[in-house]
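[1] Okay, predicted coordinates and the sequence, questions at the end:
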Amino acid sequence: MSLTNRILIAMVVGIVVGSVLNLLLATDSLTAAHQAWVRTWLVDGVFDVVGKVFIASLKVLVVPLVFVSLVCGSASLGNSARMGPIAIKTILAYLATTAIAISLALLVARIVSPGSGVELAGDVSFEAKSPPPLTEVIINIFPSNPVAAMAEGNMLQIIVFALLFGYAISHAGEHGRRIAGFFEDMDAVIMKMVEILISLAPYGVLALLARLFTDLGLSAILDLGAYVLTVLAVLLLHALGVYSLILSLLVRVSPLVMIRKMRPVWAFAFSTASSGATLPVTLRTVEKRLGVDNSVAGFTVPLGATVNMDGTAIMQGVATVFIAQVYGVDLSLGAYLTVILTATLASIGTAAVPGVGLITLALVLRQAGLPLEGIALIIGVDRILDMVRTAVNVTGDAMVSVVVARSEGQFNQKIYDDPYADMEASARPSHGSGH
Ligand code: ASP
């Protein structure tokens, strides 16, 4: 069975096992002793340990992978004066797709009205932290200590340092060429590590999801059904509709291929709810299966994982309309435009880890003049939405990478169209046996 199928099956099994355990632990069909055993040994034991080890081994690859890959990419671009245009195109594409995502969310939420008829619960309270000033945000992109940036996993600082380092390599003559060779070798070795890790994914995905669904309160989802369904519908519409349209129109390739090849990446995003932890897998898939050259992918994917969050913006759009309706606030056109602008910027500031989208939602609500306590209303269902929106976030990164690569002549359509690209040789149907 192919690895993709094994990962997808692990996902389903994890969800089913978790949901069954959730029921068993909530009712008294098990004796107290059995319940304690399941909780201690299975849920907080095996599942917790395997899941956490899996996430740690994904995260451990992120800093070396981003650094090495970006150095290789910018070293090979450095002489061609394409770095600037690629950076500008990528950033504009990320901003544009996020603005489309949030506009779509506002539009659909306006039509569906998920918040009408929802009663305010009595005990809503939410403490919002105030965001750092913009000047500080800009200064913080530039590292003062590369080792500290790597130790803290500060992605934007690592990106800036790697770009500069790669650029210098391409301008340092013979010395630069020797160093570039070293980094290319390193890149191949780290990509191998990612491959090994992906092959272990079924166990990690199963453990993570089983643990999560054991604890997930599904009753909260029923209470907020209209909100949850609206967010899910817009996420699907954006990932399957908007992205497909962009791919067909701008790149002229079949979007179905991308959807098929992104499925394992979705399983990672879904089970970790972190674009950051999924990054190694996104990068490998974009380069080896979607045919984007490392010189582009090495920049676009890490940057996208950090700043491009279409799924998060969608949740924030629907949440804003939902909260406004629950509190009976009528949003003006100006307020909608403010929400589009703030949510696009907030998604840049959202860290690629679970649950942060809900925190940056405070920024959006504040700008729209809505009560921040509204966040408390939707906290209960946020984890499940986080899983799905993270999958959309990483899909946006992959899609923009393909678009930018195509416009730069760094896209290999043969790889994109080859269903067996980057798969074990045994997966490929043998040719010529019938002749
Ligand atoms: N979990 C999301 C991500 O990593 C961010 C968020 O929306 O909370 O992409």
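    Happy to help now that I have it. Numbering: from 1, shown residues only.

[2] tell me which residues in the helix or strand where Leu377 lies are buried?
    Using DSSP states H and E, the element containing Leu377 is helix 374-407. Neighbour-count burial for helix 374-407, counted by 16 or more other CB atoms under 10 Å, picks out 374-378, 381-407. Every residue, glycine included, has its C-beta placed from N, CA and C.

[3] Please pull up the helix or strand immediately following that helix.
    Next element after helix 374-407 (DSSP H and E): helix 413-417.

[4] For the chain, what lies in contact range of the ligand?
    Contact residues, the chain versus the ligand (CB under 6 Å from any ligand atom): 273-275, 309, 312, 350, 352-357, 386, 389-390, 393.

[5] Tell me the one among those nearest to the ligand.
    Gly357 (2.5 Å; CB to the nearest ligand atom).

[6] host element of that closest one?
    Going by DSSP H and E, Gly357 is in helix 356-367.

[7] name the helices or strands packed onto that helix?
    For helix 356-367, the contact count by 3 or more CB pairs under 8 Å, 6 or more residues apart in numbering; DSSP states H and E identifies helix 310-326, helix 333-349, helix 374-407 as packing neighbours.

[8] can you give me the angle the first one makes with helix 356-367?
    Using axes from the mean of the first three to the mean of the last three CA atoms, to 10 degrees, one finds that helix 310-326 and helix 356-367 are set 50 degrees apart in direction.

[9] Let me see the mean pLDDT of helix 310-326.
    In this model, helix 310-326 has a mean pLDDT of 95.

[10] for the second one, same thing?
    Here helix 333-349 scores 88 as its mean pLDDT.

[11] can you pull the contacts of Phe411?
    Phe411 is in contact with Val251, Gly291, Val292, Asp293, Val296, Val402, Ala405, counting by CB atoms under 8 Å, 6 or more residues apart in numbering.

[12] and the gap between Met11 and the ligand?
    17 Å (CB to the nearest ligand atom, to the nearest Å).

[13] so what pLDDT did the residue nearest in space to the middle of the chain get?
    Centroid-nearest residue in the chain, with CA atoms, centre = their mean: Ser275, separated by 3.2 Å. Predicted confidence (pLDDT) for Ser275: 95.

[14] For the helix or strand bottoming out on mean pLDDT in the chain, C-alpha coordinates in PDB please.
    Scoring the helices and strands of the chain by mean pLDDT, DSSP states H and E places helix 218-223 at the bottom, with a mean of 73. Only the C-alpha atoms of helix 218-223 are listed here, as PDB (Å, rounded to 0.1, in the frame of the first residue of the first chain):
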ATOM      1  CA  LEU A 218     -17.800  17.300  20.300                       C
ATOM      2  CA  SER A 219     -20.900  18.700  22.000                       C
ATOM      3  CA  ALA A 220     -19.400  22.200  21.700                       C
ATOM      4  CA  ILE A 221     -19.300  21.700  18.000                       C
ATOM      5  CA  LEU A 222     -23.100  21.000  17.900                       C
ATOM      6  CA  ASP A 223     -23.900  24.200  19.800                       C
END
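
[15] List the buried residues of it.
    Burial within helix 218-223, assessed by neighbour count using 16+ other CB under 10 Å, is assigned to Ala220, Ile221, Asp223.

[16] Ok, stretch 145-165 next?
    For stretch 145-165, burial by neighbour count (16+ other CB under 10 Å) applies to 146, 149-150, 153-163, 165.

[17] ok, now stretch 336-354?
    So, applying 16+ other CB under 10 Å, buried residues of stretch 336-354: 336, 338-340, 342-354.

[18] now do stretch 19-33
    By 16+ other CB under 10 Å, the buried positions in stretch 19-33 come out as Ser19, Leu21, Asn22, Leu25.

[19] Looks to me like the second one is in a strand.
    Read it as Leu21. No - counting by DSSP: H, G, I helix; E, B strand; the rest coil, Leu21 is not part of a strand but helix.

[20] Next up, the contacts around the closest residue in space to it that isn't next to it in sequence.
    Closest residue to Leu21 apart from its sequence neighbours, by CB to CB, 6 or more residues apart in numbering: Thr214 at 4.4 Å. Neighbouring residues of Thr214 by CB under 8 Å, 6+ apart: Gly18, Leu21, Asn22, Leu25, Val43, Phe47.

[21] Please identify the helix or strand for Thr214.
    Applying DSSP H and E, one finds Thr214 within helix 201-215.

[22] could you give the angle of that helix to helix 374-407?
    Relative orientation of helix 201-215 versus helix 374-407 (the same axes, to 10 degrees): 160 degrees.

[23] what's the helix or strand in which Ile196 is found packed up against?
    Applying DSSP H and E as the criterion places Ile196 in helix 173-199. Identification of packing neighbours for helix 173-199 by 3+ CB pairs under 8 Å, 6+ apart yields helix 48-77, helix 155-170, helix 275-288.

[24] just these: most buried one?
    When these are scored by mean count of other CB atoms under 10 Å, the highest mean neighbour count falls to helix 275-288 (a mean of 27).

[25] how much does the very next helix or strand once past that one deviate in direction from helix 275-288?
    Toward the C-terminus, helix 275-288 is succeeded by helix 294-307 as the next helix or strand (DSSP H and E). Angle of helix 294-307 versus helix 275-288, following the same axes, to 10 degrees, is 160 degrees.

[26] quick one: contacts for the residue nearest to Gly166 when sequence neighbours are not counted?
    Closest residue to Gly166 apart from its sequence neighbours, by CB to CB, 6+ apart: Ser74 at 2.9 Å. Contact partners of Ser74, counting by CB under 8 Å, 6+ apart, are Met83, Ala162, Leu163, Phe165, Gly166, Tyr167, Ile169, Ser170, Ser295, Gly298, Phe299.

[27] What's the separation between the nearest residue to the second one once chain neighbours are set aside and Leu164?
    This means Ala162. Leaving aside its chain neighbours, Ala162 sits nearest to Leu70 (3.7 Å; criterion: CB to CB, 6+ apart). Per CB to CB, to the nearest Å, Leu70 is found 10 Å from Leu164.

[28] Next: Asp418.
    Relative to Leu164, and taking CB to CB, Asp418 is found at 35 Å.

[29] And for Val50?
    Where Leu164 is concerned, Val50 sits at a distance of 39 Å (CB to CB).
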